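Participant: This is a predicted model, with the sequence first.
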Amino acid sequence: MKKHSKKEQAPPEEPNSPELVKRRANRKSVMRSGRTIGEAREQLETRNERNAARKKDKKKKRFRIAFTIFGFFVIAVSIACIVFNLIEHRDEIGQGEDSITELAPSVPIIDEDKGAKITGRMSTYIAQAETDFRALRYTPVKVIVPSGSIRVINFYLEGYTGFIKMTIDRGAAVSVEDADRLIRYLKGQGINDFAYLDVRLDGKAYWK
């Protein structure tokens with residue numbers, strides 16, 4: 001039997017056979033191609049992130065614009081409501097003033113100087129005071145404008161010999177209330193007759 005030699009001879013190379021690439025070179029090629037795919041992927045992800053960021057910015061801008069427009073709308077509506085309320089309140093005040101000016105006194109008014117001291121303002125004040133006295137169940141009898149005075153009036157009430165000094169510079173309602181308190185106080189003290197009551201000053205009242 002023939003013994004085989006340890007070293008076998010390589011088969012003869014065939015003509016025009018492809019050249020084998022070395023393993024090391026093939027590894028470099030694979031690594032290089034892998035790096036290129038990764039870079040392309042990173043660029044694609046970066047581009048997508050930029051597009052997403054741009055969309056978010058657009059949404060934020062739209063939201064800010066919408067919120068600003070809504071805020072201006074709310075402010076405009078609030079201003080319109082305030083103006084409307086002011087106009088309505090002014091009309092109510094005007095109507096109230098008109099109703100006051102329409103009041104006319106029913107009691108006789110005597111001017112001791114026999115002049116033209118009974119102005120429209122004084123006449124309105126007397127009518128208002130007369131209404132307030134009647135609301136407290138008093139019956140006004142007459143009003144005298146004393147000599148030398150253009151703001152002081154003396155109110156006479158039924159059942160009382162004296163009169164009540166009032167001034168048109170003070171509110172009619174508060175003056176009538178002060179007179180009512182003083183009359184009730186005097187009645188509580190057993191005093192039913194008086195020469196006059198003076199309620200021309202705020203927080204003070206005098207009687208004689």
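Facilitator: Noted; the coordinates are in hand. Numbering: from 1, shown residues only.

Participant: Now do the strands in this protein.
Facilitator: 109-111, 140-145, 152-157, 163-167, 196-198, 206-207 (DSSP state E).

Participant: Can you check which of these gets nearest to Lys56?
Facilitator: strand 163-167 (74.6 Å; C-beta to C-beta). All C-beta spots, glycine's among them, are computed from the backbone N, C-alpha and C.

Participant: the inter-axis angle of that closest one versus strand 140-145?
Facilitator: 50 degrees (axes from the mean of the first three to the mean of the last three C-alpha atoms, to 10 degrees).

Participant: before we move on, the earlier item: same list (the strands of the chain) but as a markdown table, adding distance to Val174.
Facilitator: Listed next are these as a markdown table, based on distance: least, C-beta to C-beta, whole Å:
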| stretch | distance to Val174 |
| --- | --- |
| strand 109-111 | 21 |
| strand 140-145 | 17 |
| strand 152-157 | 14 |
| strand 163-167 | 10 |
| strand 196-198 | 14 |
| strand 206-207 | 16 |
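
Participant: deepest of these, which one?
Facilitator: Stretch with highest mean neighbour count among the strands of the chain: strand 163-167 (a mean of 22; mean count of other C-beta atoms under 10 Å).

Participant: Convert that strand to CSV, retaining C-alpha atoms only.
Facilitator: Only the C-alpha atoms of strand 163-167 are listed here, as CSV (Å, rounded to 0.1, in the frame of the first residue of the first chain):
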residue,chain,number,x,y,z
PHE,A,163,-91.2,124.9,63.9
ILE,A,164,-88.2,123.0,62.6
LYS,A,165,-85.1,124.9,61.2
MET,A,166,-83.6,123.2,58.2
THR,A,167,-81.1,124.2,55.5
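
Participant: Give the partner strands of it in its sheet and their orientations.
Facilitator: strand 152-157 (antiparallel), strand 196-198 (parallel) (DSSP bridges).

Participant: could I get those as JSON lines with distance to Ile126?
Facilitator: What follows is these, written out as JSON lines (distance: least, C-beta to C-beta, whole Å):
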{"stretch": "strand 152-157", "distance to Ile126": "6"}
{"stretch": "strand 196-198", "distance to Ile126": "17"}
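
Participant: out of those, which comes closest to Arg47?
Facilitator: That would be, of the strands paired with strand 163-167 and by C-beta to C-beta, strand 152-157, which comes in at 93.2 Å.

Participant: now the closest one, how far from the centre of its chain.
Facilitator: 45 Å (C-alpha atoms, centre = their mean, to the nearest Å).
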